[in-house]
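Peer 1: Okay, structure incoming, though there's no sequence with it:
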């Protein structure tokens, strides 16, 4: 089955990639943005989100988000039953598939899953190829639906191509899918490397914060150890902790409110290097729980590319990929974090040690990029497309040969 534009006699026929996502495109920039932004060179991408609850009628909203990317938002009124919500999403997705098949040239359709729960309606769709990019163990997150794990297992079993977002996820996925492909999150080094220069102004929202500054950016949810953050801040009231990111699945009132912890909220991706350029250290205070058991934080590479020394709690993928190489310091508890931070602040103040540290970081980052990650994924998708039997099948019609 031809899939990419150069494989068609008519180059105007672009395959369609329907992405079924639990993430909202306009929330924060994450793995899907980096990959799909590159995939848009080959595909027309329809990024279908979970329903927005508003208004009084069921409808659909389409939003353009760059060349080749359309965000599709199902809209439902409050009080819609689960069955009606599922039917509405299924109807919208089926219309997207039908649109791909209309016109002079029928375009191949690929389904790309980020949301396992979308399989409840997605398995009825006709698709030429099904891809599952398992970027998190969503069944371990707070408020996960009880049947999410079953849909996840079915996607691992039935999808034509399976990607995982880190080594720990790969190990877990390999129990059900031996040919899953591990693609840990990569890095936009030029973007975050801007933070190493001297020309970026300190953003107004942190300009009045004293030094030293220890920073974090990312979604603030049940994966953050808020007790640890409070304990470290109490041990060092002379250090300032800059916390950037929106909250999710936790009560914002649970955030520790003391004078040296600064909750700045969400900030645009484009502005992050400006903040990082004026930090002394980066810290990833992840809790050790089921939600963090399989995470491979993209921000690890982003902090390193920015030139910052990095401290993390003992997360398996961080230890195996960075801690054992001496690129990230691992700290277990509050006194350990303080001891590591004192040592790293001393190294940062020594030009010789700082140059040595950055040289080791840059050697590790060399050749790692989202461009390279997408190129490798693209090759695997193309290979799978060539071996996927025709005619087009729904997911419920897949044969054991695709397990």
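Peer 2: Great, that's in hand. Not measured: the values here are computed from a predicted model.
Peer 1: Show the residue spans covered by the helices in the stretch 301-403 of the chain.
Peer 2: Here the stretch 301-403 of the chain has its helices, by DSSP state H, counting those that start in this stretch, at 316-318, 334-348, 351-365, 370-387.
Peer 1: will you turn these into CSV that also has mean pLDDT, mean neighbour count and distance to residue 43?
Peer 2: In this view, the C-beta of every residue, glycine as well, is placed from N, C-alpha and C. Formatted as CSV, these follow (pLDDT from 0 to 100; neighbours: other Cβ atoms under 10 Å; distance: least, Cβ to Cβ, whole Å):
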stretch, mean pLDDT, mean neighbour count, distance to residue 43
helix 316-318, 97, 22, 29
helix 334-348, 96, 16, 43
helix 351-365, 96, 14, 28
helix 370-387, 94, 16, 10
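Peer 1: Tell me which of those approaches residue 303 most closely.
Peer 2: When the helices of the stretch 301-403 of the chain are compared by Cβ to Cβ, helix 351-365 sits nearest residue 303, at 9.7 Å.
Peer 1: Give me the three-state assignment for residue 132.
Peer 2: In three-state terms, and counting by DSSP: H, G, I helix; E, B strand; the rest coil, residue 132 is strand.
Peer 1: All further residue positions should be reported with the first residue as 33.
Peer 2: OK, 33 is where the count begins now, so the last one is residue 164.
Peer 1: List the residues that contact it.
Peer 2: 144-145, 187-188, 191, 193-195 (Cβ atoms under 8 Å, 6 or more residues apart in numbering).
Peer 1: between the helices of the stretch 333-435 of the chain, which one is nearest to residue 151?
Peer 2: helix 402-419 (18.4 Å).
Peer 1: helices or strands next to the closest one in the packing?
Peer 2: helix 63-71, strand 161-166, strand 193-196 (3 or more Cβ pairs under 8 Å, 6 or more residues apart in numbering; DSSP states H and E).
Peer 1: contact partners of the shortest one?
Peer 2: Spelled out, that is strand 193-196. Strand 193-196 has contacts (Cβ under 8 Å, 6+ apart) with 161-167, 187-188, 202, 205, 209, 211-215, 409, 412-413, 416.
Peer 1: which element follows that strand toward the C-terminus?
Peer 2: helix 199-206 (DSSP states H and E).
Peer 1: what's the average pLDDT for that next one?
Peer 2: For helix 199-206, mean pLDDT is 95.
Peer 1: by how many degrees do that helix and strand 161-166 diverge?
Peer 2: 130 degrees (axes from the mean of the first three to the mean of the last three Cα atoms, to 10 degrees).
Peer 1: how about the helix or strand hosting residue 130: buried residues?
Peer 2: Element membership for residue 130, per DSSP H and E: helix 114-132. Along helix 114-132, these residues count as buried under the neighbour rule (16 or more other Cβ atoms under 10 Å): 117-118, 120-122, 124-125, 128-129, 132.
Peer 1: Identify the residues contacting it?
Peer 2: The contact list for helix 114-132 (Cβ under 8 Å, 6+ apart) reads 48, 50, 52, 76, 78, 80, 83, 90, 92, 104, 106, 108, 112, 138-141, 150, 152-154, 156-159.
Peer 1: Name only those of those residues that count as buried.
Peer 2: Buried members of the contacts of helix 114-132, scored by 16+ other Cβ under 10 Å, are 48, 50, 52, 76, 78, 80, 83, 90, 92, 104, 106, 108, 139-141, 150, 152-154, 157-159.
Peer 1: In helices only, show me these.
Peer 2: 152-154 (DSSP state H).
Peer 1: how about the closest residue to residue 274 other than its chain neighbours, secondary structure?
Peer 2: Distances taken as Cβ to Cβ, 6 or more residues apart in numbering place residue 247 nearest to residue 274, at 4.2 Å, with adjacent residues excluded. Classification of residue 247 by three-state DSSP places it in strand.
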